[in-house]
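# Here's a sequence, model it:
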Amino acid sequence: MTPTYTATGRQRRIFVPRPAESVPPPQPQDPPIYRELMRAWADRGRTLPGRHDPEWIRLTAPTVRRGQFSDPPVPPRDGR
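Numbering: from 1, shown residues only. Next up, the predicted model:
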């Protein structure tokens, strides 16, 4: 609800119901020349815009070696 104020200063609430269910708009199709270019790139094994690229994921993943970010060992306490 959206609060509104009248000239006398009294507050009123206006109820605006939610739409029953929104349907996403249909995705526009790519122009034929773009679809043909994507097909040619895919046939040659090239990276395609908007598609999962395992090599890019591998290259951009951080290199973390075992124990690189762990806490240093704590020396034992002797009870004193």
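# Could you identify the helix or strand that succeeds the lowest-mean-pLDDT helix or strand in the chain?
In the chain, the helix or strand scored least confidently by mean pLDDT, DSSP states H and E is strand 2-5, which has a mean of 56. Later in the chain than strand 2-5, the nearest helix or strand by DSSP states H and E is strand 11-14.
# what's that next one packed up against?
strand 2-5 (3 or more C-beta pairs under 8 Å, 6 or more residues apart in numbering; DSSP states H and E). C-beta coordinates here come from the backbone N, C-alpha and C atoms, glycine included.
# any weak-confidence spans in the protein?
1-9, 68-72, 79-80 (pLDDT under 70).
# Val64 versus the residue with the shortest distance to the centre of the chain, what's the distance?
Centroid check for the chain by C-alpha atoms, centre = their mean gives Gly50 as the closest residue, at 12.8 Å. Gly50 sits 28 Å away from Val64 when distances are taken as C-beta to C-beta, to the nearest Å.
# which stretches of the chain form helices?
Here the chain has its helices, by DSSP state H, at 32-43, 54-60.
# Can you tell me which of these is nearest to Pro76?
Taking C-beta to C-beta, helix 54-60 is the member of the helices of the chain nearest to Pro76, at 41.1 Å.
# And the closest one, what's buried?
The neighbour-count criterion (16 or more other C-beta atoms under 10 Å) identifies no buried residues in helix 54-60.
# Likewise for stretch 31-42?
Met38.
# Run the chain-centre distance for it.
Distance of stretch 31-42 from its chain centroid, counting by C-alpha atoms, centre = their mean, to the nearest Å, is 26 Å.
# got the CA positions of it in CSV?
The C-alpha coordinates for stretch 31-42 follow below in CSV (Å, rounded to 0.1, in the frame of the first residue of the first chain):
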residue,chain,number,x,y,z
PRO,A,31,18.5,-12.0,-37.0
PRO,A,32,19.3,-14.7,-39.6
ILE,A,33,22.8,-13.3,-40.3
TYR,A,34,23.7,-13.5,-36.5
ARG,A,35,22.3,-17.0,-36.2
GLU,A,36,24.5,-18.1,-39.2
LEU,A,37,27.6,-16.5,-37.7
MET,A,38,26.9,-18.3,-34.4
ARG,A,39,26.5,-21.6,-36.3
ALA,A,40,29.8,-21.0,-38.2
TRP,A,41,31.7,-20.1,-34.9
ALA,A,42,30.3,-23.2,-33.2
